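Visitor: Predicted model follows, preceded by the sequence.
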Amino acid sequence: MDKKAIQILLETIKKAQTESLSDWFYWDTYIQYISKEDFEYAKKHSVMYDQENVSHDEICRRIKIAVARIDKQDVVNAFLYSLTKRQLEYRSFLSSYCIGKSLPEHSFAASPKPNEGICAVCGLHTYEFEQPVEFNTINYFKYKDGACFDNLIQVLFDLEQFPELSAVKPNENDREILDELKKIIETAESDDRISKLKKKISKTFKSNDEERQGVLEILGVIGILHDDQHFGYADQYATYPDREQRPIRNDDVGYPARWWQGKFGIDQEKWEYWFGNK
């Protein structure tokens, strides 16, 4: 990806966050902080995008089309490659691929009242797709901290963007980091949760707190970190009602990693499925 285009994206969103703290993520807000010339430049290099009208059903259909064109090993390679290179935009494809593979193609099904505006299968809110969809804030968080996504609009963006990036291969250092992560998780204290695990892996690879949480959330999505009731997406799609919150305040860890404790260790079968080929 073009470095200038990436910088335009990052600076635009950061300026919007500084100047318009409460509503920076809306198109009409952040688009004020970028010139037409810079926006066109970033679009040309597939880093920023126009808004798009897309329905719930089309989101699901396009996800299934996009994921069918992607090879599993390529997204595994991208995830591993991101560890030493710290090219964070490569990181979330793995979890998006897992979600996309398991997603059932479905029409909008209203949840029970008072949540009838939420799809009972995937959790998309009607307000998310009844207005034009924007992808620039999604891309911002990909470049900023390698964020893990489970929202289908974010998953769609990820999967359709993947072919735009150069194919990459991990090196031996990436594999060593992965092995060290595995060792740390397997030897965690029985009551450790993601908050403690983030600290324990802090010296394993160059990262900040948000990046480490993203990596652990990805391991949850692909079925490696979970408890004995809340699983990831590797075997079947985790529907909106499945993604339970823990009964505590301010738990910002994604599903199902939020339920993991050290006593559950690693799902060895899923680890082998994703990372067994060297």
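Guide: It's in.

Visitor: okay, now Lys263: neighbour count?
Guide: Neighbourhood size, Lys263 [other C-beta atoms under 10 Å]: 12. (Glycine included, C-beta is placed from N, CA and C.)

Visitor: With Ala5 as the reference, measure out to Leu21.
Guide: Leu21 is 25 Å from Ala5, where distance means C-beta to C-beta, to the nearest Å.

Visitor: Can you show me the CA trace of whichever strand or helix holds Phe129 as PDB?
Guide: Using DSSP states H and E, Phe129 sits in helix 126-130. Taking C-alpha atoms only, helix 126-130 is exported to PDB below (Å, rounded to 0.1, in the frame of the first residue of the first chain):
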ATOM      1  CA  THR A 126     -30.800  -1.700  10.700                       C
ATOM      2  CA  TYR A 127     -29.300   1.700  11.100                       C
ATOM      3  CA  GLU A 128     -25.900   0.200  10.000                       C
ATOM      4  CA  PHE A 129     -27.100  -0.500   6.500                       C
ATOM      5  CA  GLU A 130     -30.200   1.600   5.800                       C
END
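
Visitor: Go ahead and name everything in contact with it.
Guide: Helix 126-130 has contacts (C-beta atoms under 8 Å, 6 or more residues apart in numbering) with Val54, Ser55, His56, Ile59, Phe108, Gly117, Ile118, Asn151, Ile153.

Visitor: Specify the local secondary structure of the closest residue to Arg69 other than its chain neighbours.
Guide: Counting by C-beta to C-beta, 6 or more residues apart in numbering, Arg69 lies nearest to Pro163, which is 7.1 Å off, once chain neighbours are set aside. Under DSSP: H, G, I helix; E, B strand; the rest coil, the three-state class of Pro163 is helix.

Visitor: now do the one 4 residues further on
Guide: Judged by three-state DSSP, the three-state class of Ala167 is coil.

Visitor: the helices in the protein, which residues?
Guide: For the chain, the helices defined by DSSP state H cover 3-19, 27-30, 36-44, 56-68, 72-85, 93-102, 126-130, 136-145, 152-161, 172-186, 194-200, 209-221, 268-275.

Visitor: Indicate which one of the ones you listed is closest to Val253.
Guide: helix 194-200 (4.8 Å; C-beta to C-beta).

Visitor: Measure how far the closest one is from the centre of its chain, please.
Guide: Taking the mean of its C-alpha atoms, helix 194-200 sits 19 Å from the chain's own mean (C-alpha atoms, centre = their mean, to the nearest Å).

Visitor: Would you mark the buried spots in it?
Guide: Ile194, Leu197, Lys198, Lys200 (16 or more other C-beta atoms under 10 Å).

Visitor: Using CSV, write out the CA atom coordinates for it.
Guide: Extracted in CSV, the C-alpha atoms of helix 194-200 (Å, rounded to 0.1, in the frame of the first residue of the first chain):
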residue,chain,number,x,y,z
ILE,A,194,-7.2,-11.5,28.8
SER,A,195,-6.2,-8.4,30.9
LYS,A,196,-3.4,-10.3,32.6
LEU,A,197,-2.5,-12.3,29.5
LYS,A,198,-1.9,-9.0,27.6
LYS,A,199,0.7,-8.1,30.1
LYS,A,200,2.4,-11.5,30.0
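
Visitor: Residues contacting it, please?
Guide: 184-185, 188-189, 192, 209, 212-213, 216-217, 253, 257-258, 260, 262.

Visitor: and Phe135, how many neighbours?
Guide: By other C-beta under 10 Å, the residues close to Phe135 number 19.

Visitor: and Lys72, how many neighbours does it have?
Guide: Lys72: 15 neighbours (other C-beta under 10 Å).

Visitor: Against Gln87, how distant is it?
Guide: In this view, Lys72 and Gln87 are 20 Å apart by C-beta to C-beta.
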